[in-house]
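1. What shape does this take:
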Amino acid sequence: RKAMPKVGRRIRDDYELREVARLQEERKDDVDYDFDTGSHLEVELSHPELRGRTSRVRGVVLRRRNRGLGSTFVLRSVENGEGVERLIPLYAPSMLKCKVIGKRRVRRANISFIRNLKLAISKVGGK
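-> Below is the predicted model:
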């Protein structure tokens with residue numbers, strides 16, 4: 001597969017920057033984009049396949065991948081004593097609200113190792 005020429009990459013990157021800035025400005029009241037790995041979030045997602053029903057998920061951010069419009073984060077929550085992880089696109093229209101509940105200082109960009117630790121650590125508000 002041939003690489004995209006420099007001019008094409010520049011046009012694509014400019015478009016992505018403008019689109020990300022537009023989405024952040026448009027959704028600034030509902031979505032808080034200022035979070036990192038280790039933050040505790042409450043996210044409200046809509047499910048179009050379930051006739052627009054919404055669900056709220058609270059959990060810890062295991063990792064965040066910043067790639068313009070393709071940015072994603074992994075949210076780990078504990079439901080019924082079972083650890084559940086969701087990969088959520090940051091700029092998806094299905095993410096209605098995102099609120100930072102708390103922040104925890106971590107020294108890693110990817111804290112997937114907490115899967116193997118006690119469930120209490122990965123709970124929101126756990127120590």
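2. got the contact list for the residue nearest the centre of the chain?
-> Closest residue to the average C-alpha location of the chain: Phe73 at 3.4 Å, with CA atoms, centre = their mean. Residues touching Phe73, when contacts are defined by CB atoms under 8 Å, 6 or more residues apart in numbering, comprise 35, 61-65, 87-88, 90. Bear in mind the C-beta positions are built from the backbone N, C-alpha and C, glycine included.
3. For the helix or strand hosting it, which residues meet the burial criterion?
-> Under the assignment given by DSSP states H and E, the secondary-structure element containing Phe73 is strand 72-79. Across strand 72-79, burial judged by 16 or more other CB atoms under 10 Å covers 73-78.
4. Next, the buried residues of the helix of greatest length in the chain.
-> Across the chain, the helix with the greatest residue count (assigned by DSSP state H) is helix 6-26. By 16+ other CB under 10 Å, the buried positions in helix 6-26 come out as 20, 23.
5. same deal with stretch 32-42?
-> Residues of stretch 32-42 classed as buried under the neighbour-count rule (16+ other CB under 10 Å) are 35, 37-42.
6. Need the residues you listed in a markdown table (columns: pLDDT and secondary structure).
-> As requested, the buried residues of stretch 32-42 are arranged in a markdown table below (pLDDT from 0 to 100; DSSP: H, G, I helix; E, B strand; the rest coil):
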| residue | pLDDT | secondary structure |
| --- | --- | --- |
| Phe35 | 93 | coil |
| Thr37 | 93 | coil |
| Gly38 | 91 | coil |
| Ser39 | 92 | coil |
| His40 | 93 | strand |
| Leu41 | 94 | strand |
| Glu42 | 95 | strand |
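7. returning to what we had before: nearest to Ile101, of the contacts of Phe73?
-> Phe35 (9.8 Å; CB to CB).
8. For the closest one, give me its contacts.
-> The contact partners of Phe35, taken as CB under 8 Å, 6+ apart, are 41, 61, 64, 73, 98, 100, 103.
9. Let's see the distance spanning stretch 31-47 from one end to the other.
-> Between the opening and closing residues of stretch 31-47 lies a distance of 17 Å (CA to CA, to the nearest Å).
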